[in-house]
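S.K.: what's the 3D shape of this:
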Amino acid sequence: MHAVVIDVTFNDASAAQAELSQLVPQVSAAPGFVAGYWIALSPNKGTSVVVFDSEESAQALAKMAKGAPAVAVTMDSIQVGEVMANA
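M.R.: Residues are numbered from 1 along each chain as shown. Prediction:
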């Protein structure tokens, strides 16, 4: 399994929350999707961790995220890594 980890800064936290109602179903419908978590770390910072069954599927989401227009958030980093363990 591989995970996509995206760190963001909220430009508009309310708008970012509202966008999740559309984003979450799109991501969860992606090929190879296993699980996803969208986390508010503070009033102006967040992160998401989306796990896929293969590196190829994770890289596809990372590529899509890099090309996506972002208004409610600024994408600070997008990384793909191998899941070493899960519980």
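
S.K.: max-length helix in the chain?
M.R.: Ranked by number of residues, the top helix in the chain under DSSP state H is helix 13-28.

S.K.: tell me the buried residues in that helix?
M.R.: By neighbour count on 16 or more other Cβ atoms under 10 Å, the buried set for helix 13-28 is 13, 16, 23, 27. Heads up, the C-betas are built off the backbone N, CA and C, glycines and all.

S.K.: excluding sequence neighbours, find me the nearest residue to the first one.
M.R.: With Cβ to Cβ, 6 or more residues apart in numbering as the criterion, Ala13 has its nearest non-adjacent residue at 6.4 Å, and that residue is Pro43.

S.K.: give me the pLDDT value at the one you found.
M.R.: Pro43 carries a pLDDT value of 94.

S.K.: re earlier: could you list the residues in contact with the longest helix of the chain?
M.R.: 8, 10, 33, 36, 38, 40, 43-44, 46, 50, 61, 71-73 (Cβ atoms under 8 Å, 6 or more residues apart in numbering).

S.K.: farthest pair in those?
M.R.: Phe33 and Pro43 (28.6 Å; Cβ to Cβ).

S.K.: quick one: the residue nearest to Ala13 from Glu56, how far?
M.R.: 36 Å (Cβ to Cβ, to the nearest Å).

S.K.: for Asp53, see how far away His2 is.
M.R.: Taken as Cβ to Cβ, the span from His2 to Asp53 is 8 Å.

S.K.: please say which of those two ends up with more neighbours.
M.R.: Counted by other Cβ atoms under 10 Å, His2 and Asp53 do not tie: His2 has more neighbours, with 21 against 14.

S.K.: give me the buried stretch members for stretch 74-87, please.
M.R.: For stretch 74-87, burial by neighbour count (16+ other Cβ under 10 Å) applies to 78, 80.
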